[in-house]
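*Asks:* Output the structure for:
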Amino acid sequence: MTLKQTLEILDQLDHPKVNGTDIIKLFERYKYAEATTQTIEGEKGSTDFVNILIKGTSGKSGGGSAPTMGIIGRLGGIGARPERIGFVSDGDGAAAALTSALKLAEMSERGDRVVGDVWISTHVCPTAPTIPHEPVEFMGAPVDMITMNIYEVLPEMEAIISIDTTKGNNVFNHRGISISPTVKEGYILRISNDLVRILEMVTGKLAQTFALSMQDVTPYGNDIYHINSILQPCTATDAPVVGLAITTQSTVPGSGTGASHEVDIAEAARYCIEVAKEFGQEKLSFHDQAEFERMVKLYGSMKQLQTLGVDET
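*Replies:* Numbers count the residues shown, from 1 in each chain. Now for the predicted structure:
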């Protein structure tokens, strides 16, 4: 269960002066967890990037060969102070990722260790800006997307779940969590049956999935509409990436306060943990590698979509 850890993380994050050091202190008592933070200045302020390693029993950090999974909490900021008071809806991705890390650390201490390493990354900014967006305003970020990818998309990650609040749209009409197709090197691939199976097990409901457009898998900064930043990690890695959206029935702005649902954040964290268990044991695949290789052979590379493209104007 992850609700206890969710409440602990939310209590830490819902503070006007919270920083990365406050978060990594939570992990100091755990033998199999290593947490670091780094403050990065941007044009619109600063944020603290947080990286947490949960060591697996056969993880590569200890000389093993088990595959390494990544969990990224995507967001602009956890707060929009002074414009808005309190934890904003946009912070749910960070909360879910950090909850996953805290639960995995506690499990490891008790003897329930995952086989492969798990890297968790996100950033902590309680004073992020807001930006106009339709149908509701988005949270901005103190640093640009390239910087976020540098500090959050780690080379050790061999497959990635990117968690993001995805409430500020008219596309979703249910509250809970939903997964995207797998994206790899510009290709939008079919949805993994393994990931659907785990989603249905964790939620106890038929799987909620969502479609992607080509625009969503291109980098920010190309003046093209994106549903949000949930798939931006796919522009900075060759590893397969799946978006895990925390959703609502109604349209909720990312800067909205009092709009986070603890049980949904806990559910997202439980999903990531269950995927991490099986991924490290090589019982689960994000994509069919042979099929992917055949697509590249037949149709060529789609890596151009991981770049800003060619501006002919």
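
*Asks:* Might one say that residue 77 is in contact with residue 126?
*Replies:* Yes. If you go by C-beta atoms under 8 Å, residue 77 and residue 126 touch, sitting 7.0 Å apart. Placement of C-beta: from N, CA and C, glycine included.

*Asks:* More neighbours: which of those two?
*Replies:* residue 77 (27 against 22; other C-beta atoms under 10 Å).

*Asks:* The nearest residue to residue 38 once chain neighbours are set aside: neighbour count?
*Replies:* Once flanking residues are discounted, residue 38 sits nearest to residue 49: 5.2 Å by C-beta to C-beta, 6 or more residues apart in numbering. Applying other C-beta under 10 Å, we find 21 other residues in the vicinity of residue 49.

*Asks:* How about the secondary structure of residue 49?
*Replies:* Three-state call for residue 49 (DSSP: H, G, I helix; E, B strand; the rest coil): strand.

*Asks:* Could I get the contacting residues of it?
*Replies:* Shown in contact with residue 49 (C-beta atoms under 8 Å, 6 or more residues apart in numbering): 20, 37-40, 121-123, 151-152.

*Asks:* filter those to the buried ones?
*Replies:* Neighbour counting with 16 or more other C-beta atoms under 10 Å marks 20, 37, 40, 121-123, 151-152 as buried within these.

*Asks:* Closest to residue 99 out of those residues?
*Replies:* Using C-beta to C-beta, residue 122 comes nearest to residue 99 of the buried ones among the contacts of residue 49, at 10.7 Å.

*Asks:* which stretches of the stretch 51-200 of the chain form strands?
*Replies:* 69-74, 118-124, 130-131, 138-139, 159-165, 176-184, 187-188 (DSSP state E, counting those that start in this stretch).

*Asks:* Check residue 223 and give its pLDDT.
*Replies:* As predicted, residue 223 sits at a pLDDT of 89.

*Asks:* Tell me the one of the buried ones among the contacts of residue 49 nearest residue 60?
*Replies:* Ranked by distance to residue 60 (C-beta to C-beta), these are led by residue 121 at 16.5 Å.

*Asks:* show me what contacts the closest one?
*Replies:* 49-52, 70-73, 97, 151-154.

*Asks:* rewinding a little: can you redo the strands of the stretch 51-200 of the chain as a markdown table, where the extra columns are mean pLDDT?
*Replies:* Shown next, in a markdown table, are these (pLDDT from 0 to 100):
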| stretch | mean pLDDT |
| --- | --- |
| strand 69-74 | 98 |
| strand 118-124 | 98 |
| strand 130-131 | 80 |
| strand 138-139 | 78 |
| strand 159-165 | 97 |
| strand 176-184 | 98 |
| strand 187-188 | 98 |
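
*Asks:* any chance of those in a markdown table, plus distance to residue 242?
*Replies:* Putting these into a markdown table (distance: least, C-beta to C-beta, whole Å) gives the following:
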| stretch | distance to residue 242 |
| --- | --- |
| strand 69-74 | 11 |
| strand 118-124 | 15 |
| strand 130-131 | 26 |
| strand 138-139 | 22 |
| strand 159-165 | 6 |
| strand 176-184 | 5 |
| strand 187-188 | 11 |
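
*Asks:* quick one: which of these is nearest residue 230?
*Replies:* If you check each of the strands of the stretch 51-200 of the chain against residue 230 by C-beta to C-beta, strand 159-165 wins as the nearest, at 3.8 Å.

*Asks:* Could you export the closest one as PDB, CA atoms only?
*Replies:* Output of strand 159-165 as PDB, limited to C-alpha atoms (Å, rounded to 0.1, in the frame of the first residue of the first chain):
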ATOM      1  CA  ALA A 159      12.800   2.100 -19.900                       C
ATOM      2  CA  ILE A 160      10.900   5.000 -18.500                       C
ATOM      3  CA  ILE A 161       7.500   5.800 -17.000                       C
ATOM      4  CA  SER A 162       6.800   9.500 -17.200                       C
ATOM      5  CA  ILE A 163       4.100  10.600 -14.700                       C
ATOM      6  CA  ASP A 164       2.300  13.900 -15.400                       C
ATOM      7  CA  THR A 165      -0.900  15.600 -14.200                       C
END
